[in-house]
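K.L.:
output the structure for:
(2 chains)
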Amino acid sequence: MDGHGDLIAADDVLLFVNAAITSTGQREFHSDAAEQSLSLDFLHEYLRVNYRELYAATLALDINDHNAALIIRQLLVHAGETAAAGRRAEGRLIARRLQLLPPQRVYRLFGQLRRARVNNRRTRAIMRDWLAARPEPAFDAVKYRAGLTGALRHAHLATPEVELGDFLFAPKRRGRYDAPLLDAWRRAHYEQPALYELPFTVAEGFAAKHGIPRGAFLAKIAPKLSRLEQLRLQESARAHGAQDLAADLSRMPLTRLASYVLALPVEERRGRLAELGGALRSAADRAAGARRGSWGTVAAVLDDSFSSYGSGTKRRRPLAVALAGHYLLAALATRYRAHWTSGRGNALLAHPLGATPLGHRILDALEGAPDRLVIISDGWDNAPPGLAAEVLRIHRTRLDPGHRTSIVHLNPVYDAADFDVRRLAPTVPTAGLRDAEDLPALVELAQFAEGRTGLAELRAHLDARVEAFLAPEGEPR
Amino acid sequence: MTALDQTALDRTALDLTGLTTRPAQTWGAVRLVPLVREQPITDLRLHQRVNPMGGEYPSVKLTPKLSYTSYIPHGFVADWTGDGGAAAAYGTQLDVADAPRALPLRAQQRMAQREGRTRLRFLPLHLALEGYLALHFNGPVIAWQEWSDRAVRHGLGARAEQAYRGAEVRGLADALRVFEVHPGQCGVLLYLADALAAAFVVPHPADYRALHPSLLHDLYGELVHHYATLMQPLPEFRAAIPERGISTLADLRRAAEQQERDWARFHDTTMAGGLLSGDHRFQEVRRLGRFTLSRFLPGFRLKQENHLGETITDEHGRPAYLKTFRLSENQTRRGHLLDRLAAHDWHLGRTAEALGVTEPALGLRLEAAGFGLLLRRDVLDGYRRRAAA
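P.N.:
Next up is the predicted model:
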């Protein structure tokens, strides 16, 4: 391939990575779900056909679960396209990624493969290996019953124990089960206390069947809730008078916590400033880890314009990413200053409102001559349009030709029309951002992508990431 | 309905004093230019129609089997205080006509109706359109022999004009949805394919926030509809700062601010020039404390922008409320013809002379504009023959 082709290939892959990090095929502020998934499907197919090997390698990056499942599906549906040598590498990537995906997503993927009638030997082997590695088959049988049954049928597998097989395929055959969870499920049909031994989503159905009041149910099921279920049910439990659910917010992941905070009414946030701020700070400290305080002076331009509302399906997602980023950057920096586009001071009271005067805020941020400037915005600079690009261009060419301040733009929104995240200026690297927790890694990736990256460098980078990803005790993301 | 009395009209230009132009936001063929008020007006508030029956949508029974319910998308209610104190705004409701039997006549009489000592209800734009439709409604003032019996006796008769609802204008709904309202914004200028389609100004930012979606329920002329359907997406007016002479951050900031001022000046003088520099004739409809509700008609200049509308101005003539409707080329032509005829006492010969055309040509122009029924049949036939010869 000539040099020009290399550049195009590298560009294509970076563009795809941005899309795979940000887009979830759901409605965004500026485009609807159909446009998003159409655009995303095109990118997946384009990349799979032209750069299958690189396409598979992106599984090792911080792409979101929706796209990881899409990639795996595409690879397995078109399994015949790959040469024998590539198959093994692909299979290892898929297997590793499946381990990291939440089980409900994997079962949904298996269901999709089943409906698409994809039943090649590789797919069956991958399903077999993944199911064999599940730590608690009885738990899966109760919680993901339909998914597990479908997968077993599709891959022609036998259950590890006869009892489990009976539970899934002939539940009336046995009077009782030896495995406590399976037996709890049997008893929950007619015995209320038994349902509190089941996972929350399953117990919920039984509670409705027995007519248990929501408040009492939530209070008693509290110990069985997963961490995210706890966070999700906080407010609803409070409304139903189940106080026991109050979760330790500081244990929650940073971006989810930011979403939770932004969903609270402003008056309530004002009353709980210390509690919420403390929780976000400790979550940010955990996310920063060893990098804490290593970034020097940092200035951030954070977008809380009306478009950061996102959409009804991704409610306040861009704003939540900006809020989480705000706390994370504060943890990473030695000196930190935030500039919200609305000019608001207290980050905890952030609210999507008003236009996006990015250009003016960037000027404010550059005033302090920081070591790093991080911009978190969907890139719709409109007050006035294009000022941010001009400010960034002239700053680079006239005021800071020596790159004293390193500037990076992180964009939480995929722009379906452009097949990429929206960029602010050609001189400033832009990367997609899904969870604020990935911010440090993405900033480094974006720095690496500054200027024109050749395919060789990109390949080397990807190879390194793949190697780390596949390492036997590679820590989960 | 009464015809507009020419002598009651003041000729003045519109101005947007107190409102600052902010950078435009573009979506497809729609460009929205926000207008920001530094000092919001608090003693006059607009809100959408409040249902007097409280929450329900009652209908009027005509016969046991037939009832009449009318949906008026958004009547506006103006609230003002006599002493300059703050007035409160309400929410949106459905309105039900309570006089079904004589609806056409009653509705026109009640286009602007006082609802209390300091409340006035009116239907936006209908006030302005009524002024246009009633233009020289009574027909010829002198019964020249060319005019038909019908024209002399009944005037223009019932006139109707076609307009499109905002929801039918392609891309407008999306443009309004993704538009980011500026802090302090009290108005917007709506451009389609860079032709000024409508201007909308309210007294207070809170009113604007509440009424912003109401732009979708408004009427738009056919020109607007066609431009929206046929135009490609517009480019943005992007900032462009020359590098020369910038050596500090302060220079850059100054240049950025200059960009905004340049845009505002360009917009006010060039893009909105047709509305702001136009020669409008105002007619006072009602006084509301220190404010005046009036409607205005354009000068009906051919091949130029012609906007009609309604406005509430304070005692210094500054607009608290403004809503305009752009006439299409055909509508302008009709208004122009009627206007010229009225100016020459409906005498065809003199009007033709003033327009620089022959009398038969003017007759045929009248027919083409849809006023053929006003002329006597034999006269019109004569014009046709002479034009063909």
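
K.L.:
neighbours around the closest residue to B:Asp345 other than its chain neighbours, how many?
P.N.:
Nearest residue to B:Asp345, sequence neighbours excluded (Cβ to Cβ, 6 or more residues apart in numbering or on different chains): B:Ile142, at 5.5 Å. No exception for glycine: its C-beta is placed from N, CA and C like everyone else's. Residues lying near B:Ile142 (other Cβ atoms under 10 Å in any protein chain shown) number 9.

K.L.:
identify the residues contacting B:Ile142.
P.N.:
B:Ile142 is in contact with B:345-347, counting by Cβ atoms under 8 Å, 6 or more residues apart in numbering or on different chains.

K.L.:
most neighbours of all the residues you listed, which one?
P.N.:
B:Trp346 leads these on contacts (other Cβ under 10 Å) with 23 neighbours.

K.L.:
next up, the contacts around residue 347.
P.N.:
You didn't say which chain, so I picked chain A. So A:Ala347 contacts A:302, A:323, A:326-327, A:338, A:340 (Cβ under 8 Å, 6+ apart).

K.L.:
hmm, no, I was thinking of chain B.
P.N.:
B:His347 makes contacts with B:142, B:144, as judged by Cβ under 8 Å, 6+ apart.

K.L.:
10 Å instead?
P.N.:
B:His347 is in contact with B:140-142, B:144, B:146, B:341, B:353-354, counting by Cβ atoms under 10 Å, 6 or more residues apart in numbering or on different chains.

K.L.:
for the stretch 101-250 of chain B, what spans make up the helices?
P.N.:
Here the stretch 101-250 of chain B has its helices, by DSSP state H, counting those that start in this stretch, at B:103-109, B:126-133, B:149-154, B:172-178, B:205-211, B:222-230, B:249-266.

K.L.:
against A:Ala274, how distant is A:Arg96?
P.N.:
42 Å (Cβ to Cβ, to the nearest Å).

K.L.:
more neighbours: which of those two?
P.N.:
A:Arg96 (17 against 9).

K.L.:
what residues are up against the closest residue to the more buried one other than its chain neighbours?
P.N.:
Excluding the flanking residues, the one nearest A:Arg96 by Cβ to Cβ, 6+ apart is A:Leu470, at 5.6 Å. Contacts for A:Leu470 (Cβ under 10 Å, 6+ apart) come out as A:59-60, A:89, A:92-93, A:95-96.

K.L.:
chain B: which of these is nearest?
P.N.:
A:Leu59 (33.8 Å; Cβ to the nearest Cβ).

K.L.:
so where's the longest helix in chain A?
P.N.:
Assignment by DSSP state H gives helix A:3-22 as the longest helix of chain A.

K.L.:
neighbours of the residue in the stretch 101-250 of chain B that chain A sits nearest to, just the number please.
P.N.:
Using Cβ to the nearest Cβ, B:Arg238 is the residue of the stretch 101-250 of chain B that sits closest to chain A, at 3.1 Å. Look at B:Arg238: counted by other Cβ under 10 Å, it has 14 neighbours.

K.L.:
mind checking how far the closest residue to chain B within the stretch 101-250 of chain A is from A:Arg214?
P.N.:
Distance from chain B to each residue of the stretch 101-250 of chain A (Cβ to the nearest Cβ) is smallest for A:Ala239, at 25.5 Å. A:Ala239 sits 9 Å away from A:Arg214, going by Cβ to Cβ.

K.L.:
quick one, which of the two is more surrounded?
P.N.:
A:Arg214 (16 against 11).

K.L.:
list the contacts of that one.
P.N.:
Counting by Cβ under 10 Å, 6+ apart, the residues that A:Arg214 touches are A:204, A:207-208, A:236-237, A:239-242.
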